[in-house]
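Here you go, sequence then predicted model.
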Amino acid sequence: MLKVKDLHAEINGKEILKGINLEVKPGEVHAIMGPNGSGKSTLSMVLAGNPAYTVTGGSAEFNGKDLLEMLPETRSHEGLFLGFQYPVEIPGVSMVNFMRAAINAKRKYMDQPPMSATEFLKLMREKRAIVELDNKLASRSVNEGFSGGEKKRNEIFQMAMLEPKLSILDETDSGLDIDALRIVAEGVNKLKTANNATIVITHYQRLLDYIKPDVIHILYKGRIVRTAGPELALELEERGYDWIKEEVDKQDA
Amino acid sequence: MQVNALQQYIDLYRDNKALIEDNSASLLNSFREDAFSRLSATHLPAKGSEDYELSDLDGMLAPDYGLNLSRLPLGFDPALSFRCDVPNLSTSLFMLLNDSWAETEISRRALPDGVIVCPLRKAAEEYPDLVAKYYGRAADGDNPLVALNTMLVQDGFFMYVPKGMKLEKPVQLVNIFAGGIPMMAVRRMLIVIDDDAEARLLVCDHTQNEEQDFLSLQTIEIFAGERASFDIYDLEESTRRTSRLSTLYLRQAERSNVLVDGITLFNGTTRNEYHCTFDGRHCELRLLGMAIEDEQRHIDNYTMIRHNTPDCHSNELFKYVVDDEAKGAFAGRIYVADGAVKTEAYQSNRNLVGSDKARMMSKPQLEIYNDDVKCSHGSATGQLDPMQLFYMRTRGLSEETARLLLKQAFMADVIEGVRMPMVRDRLRLLVERRLSGEKKLCQDCNEECPAHDTITL
């Protein structure tokens, strides 16, 4: 589904990604972990197409198509979803109008007629239930005045609406209390099928108690320095990142 | 450009005094000589001088415009074929074609007892005492634009709502520019809402001929009596070849409540002045403005709110979206006089600039000669937030749609300020259409409308 080869990217002239290799297959859940500043969020921004970042080398293929050539909106239409670490507030644009515009933009891309208002509201109701998102929030401006937990639930709600093939969830667990974490993780699990895939970016083992990854990658200094099974997360929880940093720094030196 | 554009109008007046006066009312004529002598002794403020940031008055007045001094009649009913952009509004509709009153089927219908809506010239002849009590009493004769209007004006719009009368139906005035030669319309509006009366007025400026130069020189005087309530929405939908010089003067008596809303959707070069003065205590004023500017359009809004009396509230909000090579300017001043205690005055100007070549100038000013007041002013000019745009695009919205939604959202609070629900809903749609790049908002306008035809004077 996703094949990233030797991906290099920079922002404001500073190289952050220094050769990422990553392959994700349908049905898989990958976790990307790593210390602060290692490039985890940059990787998610680059894959989603944030124009603030410049790709300086490598390639990324998404279902056989060149991902890096696509506009952010095309990536979305093709089935890529990014759950933001810091969901953006958009005062004056209601969640309902926003989602309706999003759904209909995708349908247009797929050569389908726009969804009727009745159909759309039914879909909203259905998907809202997955993350127990209050109806009131759906009629408010996008993320405006939402609590931290509500913002994250809103991300998963949007993911449910758009039914992506690949979801990248960037620190969806940060700023969540244990109940919100459970709701968000259960939402992600409910949306999991044999045909879609998820990349979970996180600092902590905690989220991985709820969302069971098949593969864990450790990102450090812009490269994936280790890839292993779920047992790696437990080891990190126990030993921290220092031993990996030391190993990598030794090799670099 | 002529060295002194003003001189040609002074000469025009001197050479055509009799013609101008024969085709107007004696009350209006009695103000001309004074305006003439003031104009002869002054010159137009230069572009870039204080409060005239973008207004090149000399340049705007320089072209050789035709004036309909002999008041040739129109000979048709424009209301029969003209459909306004704010349709289905149950309004009492009146029309001015250039600066001439257009007698329409609707304008002949009876208004509630004591309410007068008619040509200013007719009002000056039929109700001379009433008109004399107010005409020229709010506008500042030393303002060269007012003096020019006063010297040349022959007709216009008069509206009077008597004491205690609550006018249910909004009054709508449609100003249409049409003609085959460059035309200048000298328009005067006098609006008196007497004590305890209520009324709402929607003014729409339209230009029918895209390929012709027009200049609108308009002075509006509004008097709100004690406890009176009045809304005026002044909507400009003209063309890039239309120039507009508008000066609005408002006087508010005790406990009156007024909303002034200046909306510029399409224009060429515009200067709007809003001079608002409180003469009694406990007055309320909401002053709203919105401008959507692209291509090479210019707009310069000047506002002055005078808190001369205690306990008055004013709340001002102006928003601009400026794209391409357009230019916008806002100069807003709030003056709180000595003794005007318990004043509350808030002013805000917010602008979105969408291109490298677009320009926005903002000058918020507060002058306070008093303690015990609550005042604030703020101005912010910026671009659309790239993170908001990116967030929306990751959900599948095209960049264009994302920009449109964000610009609409930006204008939302000005639109919400409209107190007439029908106008608010319609305005929301017009703004959406305008921002989506539609060239003409007047979808209903009939090509067979006689206003499209050339009128030779």
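Sure thing, it's come through. Numbering: from 1, shown residues only, chains lettered A, B, ... in the order given.

Show the contacting residues for the one residue in the stretch 151-253 of chain A that gets nearest to chain B.
Residue nearest to chain B within the stretch 151-253 of chain A: residue A:158 (6.3 Å; Cβ to the nearest Cβ). C-beta coordinates here come from the backbone N, C-alpha and C atoms, glycine included. Residues near residue A:158 by Cβ atoms under 8 Å, 6 or more residues apart in numbering or on different chains: A:81, A:83, A:99, A:102, B:395.

what's the spacing between it and residue B:345?
42 Å (Cβ to Cβ, to the nearest Å).

Check residue A:191 too.
Relative to residue B:345, residue A:191 is positioned 53 Å away (Cβ to Cβ).

Specify which residue of these two has the higher count of neighbours.
Neighbour count, other Cβ atoms under 10 Å in any protein chain shown: between residue A:191 and residue B:345, residue B:345 has more, with 23 against 18.

Okay, and the beta partners of that one?
With DSSP bridges as the criterion, residue B:345 is bridged to residue B:314, residue B:375.

which residues does it contact?
By Cβ under 8 Å, 6+ apart, the neighbours of residue B:345 are B:305, B:307, B:313-316, B:334, B:336, B:366, B:373-376.

Include pLDDT and neighbour count when you put those residues into TSV, please.
What follows is the contacts of residue B:345, written out as TSV (pLDDT from 0 to 100; neighbours: other Cβ atoms under 10 Å in any protein chain shown):
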residue	pLDDT	neighbour count
B:305	98	24
B:307	98	31
B:313	98	18
B:314	98	25
B:315	98	17
B:316	98	23
B:334	97	25
B:336	97	24
B:366	94	15
B:373	94	18
B:374	95	10
B:375	94	17
B:376	93	12
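
Tell me the residues of the stretch 151-253 of chain A that contact chain B?
A:158, A:162 (Cβ under 8 Å from any Cβ of the partner chain).

Next, residue B:139: phi, psi?
Torsion angles at residue B:139 (phi, psi; degrees, to the nearest 10) stand at phi -70, psi 150.

typo on my end, residue A:225
Dihedral pair for residue A:225: phi -100, psi -10, per degrees, to the nearest 10.

In helices, which of the contacts of residue A:158 appear?
If you go by DSSP state H, these have A:99, A:102 in helices.

roughly how far apart are the residue of chain B found nearest chain A and residue B:126?
Residue nearest to chain A within chain B: residue B:409 (2.7 Å; Cβ to the nearest Cβ). Going from residue B:409 to residue B:126 by Cβ to Cβ gives 49 Å.

next one: residue B:261
Here residue B:261 is placed at a distance of 31 Å from residue B:126 (Cβ to Cβ).

The two: who's more crowded?
Remark: of residue B:261 and residue B:126, residue B:261 carries more neighbours, 24 against 14, as counted by other Cβ under 10 Å.

Just confirm the more buried one is within a strand.
Yes. Under DSSP: H, G, I helix; E, B strand; the rest coil, residue B:261 falls within a strand.

So, low pLDDT: which residues of the stretch 301-450 of chain B?
By pLDDT under 70, the weakly predicted segments of the stretch 301-450 of chain B are B:439-450.

Quick check: residues of it near chain A?
Where the stretch 301-450 of chain B comes near chain A, counting by Cβ under 8 Å from any Cβ, the residues are B:385-388, B:390-399, B:401, B:405-406, B:408-410, B:412-413.

quick one on the thing from earlier: does the residue of chain B closest to chain A touch residue A:92 like I think?
Yes. With contact defined as Cβ atoms under 8 Å, residue B:409 counts as touching residue A:92 (2.7 Å).

which residues do the two both contact?
residue A:141.

Worst mean pLDDT across the helices and strands of chain A, which element?
Ranking every helix and strand in chain A by mean pLDDT, DSSP states H and E puts helix A:135-139 at the bottom, with a mean of 81.

now the strands for the stretch 51-200 of chain A?
Applying DSSP state E, counting those that start in this stretch to the stretch 51-200 of chain A gives strands spanning A:54-62, A:65-66, A:80-83, A:90-94, A:141-142, A:166-170, A:197-201.

Deepest in the core, which of those strands is it.
For the strands of the stretch 51-200 of chain A, the largest average neighbour count (mean count of other Cβ atoms under 10 Å in any protein chain shown) is found in strand A:80-83, namely a mean of 27.

Direction included, what does it pair up with?
Pairing partners of strand A:80-83, with direction, according to DSSP bridges: strand A:166-170 (parallel).

per-residue confidence averaged over the partner strand?
Per-region confidence: strand A:166-170 scores 95 on mean pLDDT.

how far off strand A:54-62 does it point, in degrees?
Counting by axes from the mean of the first three to the mean of the last three Cα atoms, to 10 degrees, strand A:166-170 lies at 140 degrees to strand A:54-62.

ok, and what's touching strand A:166-170?
Outside of strand A:166-170, the residues within contact range by Cβ under 8 Å, 6+ apart are A:1-2, A:24, A:40-41, A:44, A:47-48, A:62, A:79-85, A:155, A:159, A:188, A:191, A:196-201.

From what I see, residue A:241 and residue A:220 are in contact.
Yes. Between residue A:241 and residue A:220 a contact is recorded at 7.5 Å, counting by Cβ under 8 Å.

residues in contact with residue B:402?
By Cβ under 8 Å, 6+ apart, residue B:402 lies in contact with B:388-389, B:392-393.

10 Å instead?
For residue B:402, the contacting residues are A:72-73, A:90, A:93, A:98, A:101, A:105, B:384, B:388-393, B:395-396, by Cβ atoms under 10 Å, 6 or more residues apart in numbering or on different chains.

Residue B:433 sits in which helix or strand?
Here residue B:433, judged by DSSP states H and E, is contained in helix B:421-435.

Tell me, how many residues neighbour residue 8?
Just so you know, I chose chain A. For residue A:8, the neighbour count with other Cβ under 10 Å is 17.

meant chain B actually
15.

does it belong to a helix or a strand, and which?
helix B:5-22.

Tell me if I'm right that residue A:92 and residue B:428 touch.
No. The criterion here is Cβ atoms under 10 Å, and residue A:92 misses it with residue B:428 at 11.5 Å.

what's the overlap in contacts for the two?
In terms of Cβ under 10 Å, 6+ apart, residue A:92 and residue B:428 are both contacted by the residues B:408, B:411-412, B:415-416.

Produce a ChimeraX select command limited to the buried residues of those residues.
Buried members of the shared contacts of residue A:92 and residue B:428, defined by 16 or more other Cβ atoms under 10 Å in any protein chain shown, are picked up in ChimeraX with:
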select /B:408,411,412,415
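
Nearest to residue B:176 among the shared contacts of residue A:92 and residue B:428?
residue B:415 (24.8 Å; Cβ to Cβ).
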